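Provided below for reference: sequence and predicted model.
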Amino acid sequence: MLEVSALETHYGDAQALFGIDLRIDKGEVVTLLGRNGMGKTTTINSVMGITRGSAVHIRFEGQEILSQQSFRVAQLGIGLVPEGRQIFPNLTVRENLLATANNRLQLSAPWNLQRVLELFPALQSRLDFMGNLLSGGEQQMLAIGRALMTNPKLLLLDDATEGLAPLVREEIWAALAELKAIGLSILVVDKNVNDLLRIADRHYVLELGRVAWSGVSADLAQDKQLQQRYLGV
């Protein structure tokens, strides 16, 4: 579904990514792992066209998207839940969700307001609350719901549970497991490796802008030395 080959990205004279290769197949949950500052967010933003990079190619469903503007990438069917959530603070929960509603891909069972509320029941009683009045967990649910309202084929989720309480994290992981069960492809960034191992198929570990390791969940779970070297605090 998504294929990235030899992605390099600069911020001015500083190079952030050095030849990133990754792929996501249809229905997979894939992770980007690594300590802070290793290039995870830059990779996601480069795929989306928010940060401009160079590459042999970035293909989504076989179509080259490397030179596309970010709104065009979104229209092709990639939904983004950005780092920091970035909900609209002066819109209500309902307005945040409806602002992005679109089924331009003509999916047979599209995401709509009711379906998002079924995934995140906590938002039901907050529909008329302004975004800036929500808790951090509610904002993250709203950010995911907002991305789903675009009816994506691939969801990019940056810092899925960063700073959230344990019970809220469990709600987010349960929602992602449900999205995987219905066949949505997901690329997720998070630091909670044990939670990711439960739902993810494959992993890419980044170190200083390079892929230091990639493999399946069973191999990552068994390699405690690798986890400590690249993911330990």
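It's in.

contacting residues for the spatially most central residue of the chain?
Geometric centre of the chain, nearest residue: residue 157, 1.5 Å, by Cα atoms, centre = their mean. Contacts for residue 157 (Cβ atoms under 8 Å, 6 or more residues apart in numbering) come out as 81, 144, 147, 176, 186-190. C-beta: built from backbone N, CA, C; applies to glycine.

apart from its chain neighbours, what residue comes closest to residue 76?
The shortest distance from residue 76 to any non-neighbouring residue, by Cβ to Cβ, 6 or more residues apart in numbering, is to residue 60 (5.8 Å).

surely that neighbour and residue 2 touch.
Yes. In this structure, residue 60 is within contact of residue 2 by Cβ atoms under 8 Å, at 5.5 Å.

any idea how many residues pack against the residue nearest to residue 76?
Other residues lying near residue 60 total 20 when counted by other Cβ atoms under 10 Å.

same thing with residue 128?
Residue 128 is flanked by 9 other residues according to other Cβ under 10 Å.

which residues touch it?
Residue 128 neighbours (Cβ under 8 Å, 6+ apart): 92-94.

next one: it, what pLDDT does it get?
For residue 128, the pLDDT comes out at 96.

doesn't it fall inside a strand?
No. Assessed with DSSP: H, G, I helix; E, B strand; the rest coil, residue 128 is coil; it does not lie in a strand.

once you drop chain neighbours, what's closest to residue 95?
Here the residue nearest residue 95, using Cβ to Cβ, 6+ apart, is residue 88, at 7.3 Å.

apologies, that question was intended for residue 214.
Ranked by Cβ to Cβ, 6+ apart and with sequence neighbours excluded, the top spatial neighbour of residue 214 is residue 204, at 4.8 Å.

list of residues touching the biggest helix by length in the chain?
Determined from DSSP state H, the single longest helix within the chain is helix 166-181. Residues from elsewhere that reach helix 166-181 (Cβ under 8 Å, 6+ apart): 27, 29, 119-120, 122, 135-137, 140-141, 144, 148, 155, 157, 160-161, 164, 186, 188, 192, 195, 198-199.

buried residues, whichever strand or helix holds residue 114. List them.
Per DSSP states H and E, residue 114 falls inside helix 113-119. Judged by neighbour count (16 or more other Cβ atoms under 10 Å), helix 113-119 contains these buried residues: 113, 116-117, 119.

could you do stretch 64-75 as well?
Residues of stretch 64-75 classed as buried by neighbour count (16+ other Cβ under 10 Å): 65-66, 68, 70, 73-74.

gap between residue 9 and residue 39?
Distance of residue 9 to residue 39, given as Cβ to Cβ, to the nearest Å: 8 Å.

common neighbours of the two, please.
Shared contacts of residue 9 and residue 39, defined by Cβ under 8 Å, 6+ apart, are found at 16-17.

what helix or strand does residue 196 sit in?
helix 193-199.

list the buried residues in that helix.
193, 195-196, 199.
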